[in-house]
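1. A structural model of the following input is requested.
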Amino acid sequence: MGSIGRYIFRTTFGAFLVVCTSVTALMWITQALRDIDLMTNQGQSVFVFVGITSLIIPLLLQIIAPVALMIAVAHVLNKLGNDSELIVMNASGMPPALLLRPFFAAGVLVSLLVAVISIYVSPWGLRELRRWATEVRADLVANVIQPGRFTKLEDKLTLHIRERLPNGQLLGILIDDQRNPKERATILAEKGDIVKNNRGIFLVLANGSVQRHENGQRDPAVVLFESYGFDLSWLSGGTPNIKYSVRERYLWELFDSGASDSALSPAQPNQVRAELHDRITAPLYPLAFVIMTYAYLGSPRTTRQSRTMSLIGAATAVGALRGLGFLGMIAGVNAPLALLIPYVALLAAFALGYLAIARGIIIEPPAFVTRSIAWLTERLVQRTHGLLGQAS
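-> Model prediction:
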């Protein structure tokens with residue numbers, strides 16, 4: 001790779017990092033805002049909040065990275081075309097396949113990144129999210145109950161607290177227990193603490209009373225206490241037994257889907273097979289996107305020739321290819337033959353794209369499509385001007 005190739009590689013990979021980081025950060029923020037109550041209502045620090053919500057980033061990268069690479073390649077090719085550098089390179093005798101090398105090298109790096117994420121990093125992040133969600137469910141009272149609200153832990157069991165101290169202690173506790181059809185129990189306590197041990201989870205109450213009103217009795221029986229343990233072990237369902245979905249399995253576990261592992265749920269073989277093929281094809285999309293984008297935008301054009309339609313065509317072709325991949329994976333759950341769709345689409349993209357590059361074919365939409373788009377654009381502009389004129 002000569003100096004021109006190194007320049008193109010640096011520019012392409014730099015643009016990819018900028019686009020990928022920006023889009024991933026935006027998507028992560030939208031996902032993180034859904035869990036903002038983790039920090040505001042549950043008393044967690046900002047570092048815990050960022051750490052937990054960041055576990056979704058590998059999955060976002062796996063989806064965004066190929067698209068970000070396509071945008072970076074299109075940006076660099078458009079820049080080279082506008083500066084007439086593609087024309088100069090072509091006039092100097094540089095074959096199109098040689099100019100493709102730095103773009104393809106960037107695609108190889110992105111493919112390796114996607115492969116590592118899909119094989120290990122993304123399943124690991126999703127597993128950590130699942131483990132955290134299981135722990136939160138097991139620690140429902142300490143994390144979910146909000147002061148000043150009556151919260152139903154289950155049907156006919158309501159809990160209310162006046163305040164939660166920074167150390168986790170609960171103040172002003174009221175428990176209304178109507179689970180026993182023969183009596184209704186109301187528990188009042190000044191304070192309480194969540195205690196976990198090998199026997200389960202308990203809400204240890206201090207300085208309060210228990211009022212039990214049996215059916216048919218006029219007056220309740222009141223018992224004062226200094227310490228009282230309310231069993232909450234049923235919230236966690238005993239020792240958590242985390243079961244992972246197919247997306248949370250590592251690649252080698254998808255190959256050995258029949259392995260008997262207590263930590264893994266017995267997922268349906270069809271779902272495992274579809275997920276396996278999706279993981280296998282995931283690293284191929286960055287390379288296919290590079291070839292397709294270059295096939296549309298890599299041919300030299302004069303400054304009078306518009307590259308807009310070629311850019312739209314490249315984006316459409318890339319979107320159609322990725323859409324076929326999703327379609328094949330979804331349909332392949334029930335129809336195994338549909339799993340061939342992504343492979344056939346990728347093979348066609350590689351073959352047709354490289355054929356167009358090697359022969360220097362300029363891919364453009366038919367003339368009637370170009371005229372139709374130009375007509376629609378002109379009508380839209382005229383309509384906009386008319387509305388602005390009426391408003392003024």
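
2. Strands of the stretch 151-300 of the chain, start to end?
-> Here the stretch 151-300 of the chain has its strands, by DSSP state E, counting those that start in this stretch, at 157-164, 170-177, 183-197, 200-214, 221-231.

3. could you dump those strands to CSV with mean pLDDT and mean neighbour count?
-> Every C-beta, even on glycine, is put in place using the N, C-alpha and C of the backbone. Converted to CSV, the strands of the stretch 151-300 of the chain look like this (pLDDT from 0 to 100; neighbours: other CB atoms under 10 Å):
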stretch, mean pLDDT, mean neighbour count
strand 157-164, 87, 17
strand 170-177, 90, 18
strand 183-197, 87, 17
strand 200-214, 87, 17
strand 221-231, 89, 13
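
4. With distance to F104 added, can I get the ones you listed in CSV?
-> Shown next, in CSV, are the strands of the stretch 151-300 of the chain (distance: least, CB to CB, whole Å):
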stretch, distance to F104
strand 157-164, 57
strand 170-177, 61
strand 183-197, 55
strand 200-214, 56
strand 221-231, 63
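
5. Of all the ones you listed, which one is nearest L380?
-> Of all the strands of the stretch 151-300 of the chain, strand 157-164 sits nearest to L380, with 56.8 Å by CB to CB.

6. Can you name the residues in contact with the closest one?
-> 43, 141, 145, 147-153, 170-179 (CB atoms under 8 Å, 6 or more residues apart in numbering).

7. swap in stretch 292-312?
-> 70, 73-74, 77-78, 81-82, 84, 86-87, 89-90, 96, 99-100, 103, 313-314, 317-318, 321, 349, 352-354, 356-357, 360-365, 369-370, 373.

8. What of stretch 329-340?
-> Q268, N270, Q271, R273, A274, E275, H277, D278, L327, G328, I341, P342.

9. can you give me the mean pLDDT across it?
-> Averaged over stretch 329-340, pLDDT sits at 88.

10. One more: stretch 26-39?
-> On average, stretch 26-39 scores 70.

11. Give the buried residues for stretch 319-333.
-> Using 16 or more other CB atoms under 10 Å as the test for burial, stretch 319-333 gives L321, R322, L324, G325, G328, M329, G332, V333.

12. Now render those residues as CSV, adding distance to I8.
-> Formatted as CSV, those follow (distance: CB to CB, whole Å):
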residue, distance to I8
L321, 23
R322, 24
L324, 29
G325, 27
G328, 33
M329, 33
G332, 37
V333, 41
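
13. out of the strands of the stretch 151-300 of the chain, which comes closest to T384?
-> Here strand 157-164 is closest among the strands of the stretch 151-300 of the chain (CB to CB), at 55.8 Å.

14. Just the CA coordinates for that closest one, please, in CSV.
-> Taking Å, rounded to 0.1, in the frame of the first residue of the first chain, the C-alpha atoms of strand 157-164 are listed here in CSV:
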residue,chain,number,x,y,z
LEU,A,157,-50.0,-7.3,49.8
THR,A,158,-49.2,-3.6,50.0
LEU,A,159,-46.2,-1.8,51.4
HIS,A,160,-45.7,1.9,52.2
ILE,A,161,-42.6,3.7,53.5
ARG,A,162,-42.3,7.3,54.6
GLU,A,163,-38.6,7.7,53.9
ARG,A,164,-35.5,5.9,52.8
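
15. What's the local residue count around L355?
-> By other CB atoms under 10 Å, 11 other residues sit near L355.

16. residue contacts, it?
-> I361.

17. helix/strand/coil for it?
-> Assigned with DSSP: H, G, I helix; E, B strand; the rest coil, L355 falls in the helix class.

18. pLDDT weak spots in the stretch 1-150 of the chain?
-> 1, 34-49, 133-144 (pLDDT under 70).

19. One more: the stretch 251-392 of the chain?
-> Checking the stretch 251-392 of the chain against pLDDT under 70 turns up 257-268, 301-306, 364-371, 373, 389-392.
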